[in-house]
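A.B. asks: Could you look at this predicted model? Sequence included:
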Amino acid sequence: MRVLAETFFPRRLDVPQDPSRTVDSPFAPFDVVILGDVPQAQLPPAAWELLDRFVRDEGGTLVIQAGKRHMPLGYNRNTILEGLLPVTGLRTLNRTGREDEAPPSERGFRLTLTPDGKQETFLRFSEDAEENDRIWDDLPGQTWGLIGEAKGEATVLASVLPAGAKQNLQTERENAVIVRQQAGFGQ
């Protein structure tokens, strides 16, 4: 087995200074763009304009992965990001301290699939619904995450139930973790 000398995807994003003059966006060749914990300084306004066009006009899929340092809490007044995020009122869940010393099955918080989430193939560990539920129930707890309130048009796929709360539509929407929304022609 050999390790690739270079990744098969670009390591740097070449963003034109004036996206309005750009015919092809650097995102055009892709169906999905995954945006991780990137500092705000590394994504200039032109990149956000092109991402917005990629999703809304070109029908692309943007996956935003929350991070502890930058994304999305480290972004100030980015109206494009706010428009593309399917949640508002983000809150940090951080379960650290003595709880970290507990076995993985006992620490942190658990993600709970919603009925919509249970229908998504990318969230299935098993084709058998009962087996999939059991696997999700047995996953180790999470010690850090962001939750928010789903926007009106967004679909909540997984949420974090507060202690003692029952799973219902309002609780899921107020404590959303994995959320999808349509934005123009994309999501």
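C.D. replies: Looks like it came in fine.

A.B. asks: what about whichever strand or helix holds Gly89, distance to the chain center?
C.D. replies: Assigned by DSSP states H and E, Gly89 falls within strand 87-94. Here strand 87-94 shows a centroid-to-chain-centroid distance of 12 Å under the convention CA atoms, centre = their mean, to the nearest Å.

A.B. asks: same check, this time on stretch 161-168
C.D. replies: The chain centre lies 22 Å from the centre of stretch 161-168; the measure is CA atoms, centre = their mean.

A.B. asks: quick revisit: residues contacting the strand holding Gly89, please?
C.D. replies: 72-73, 109, 142-151, 154, 160, 176, 179 (CB atoms under 8 Å, 6 or more residues apart in numbering). (C-beta placed from N, C-alpha, C; glycine too.)

A.B. asks: now it: mean pLDDT?
C.D. replies: Throughout strand 87-94, pLDDT has a mean value of 93.

A.B. asks: was I right about Tyr75 contacting Leu85?
C.D. replies: No - between Tyr75 and Leu85 there is no contact under CB atoms under 8 Å: 9.7 Å.

A.B. asks: which of the two has more neighbours?
C.D. replies: With neighbours defined as other CB atoms under 10 Å, Tyr75 and Leu85 compare such that Leu85 has more, 21 against 17.

A.B. asks: Return the residues in contact with the more buried one.
C.D. replies: So Leu85 contacts 64, 72, 148 (CB under 8 Å, 6+ apart).

A.B. asks: Could you work out the end-to-end span of stretch 70-79 for me?
C.D. replies: The straight-line separation of the ends of stretch 70-79 (CA to CA, to the nearest Å) is 16 Å.
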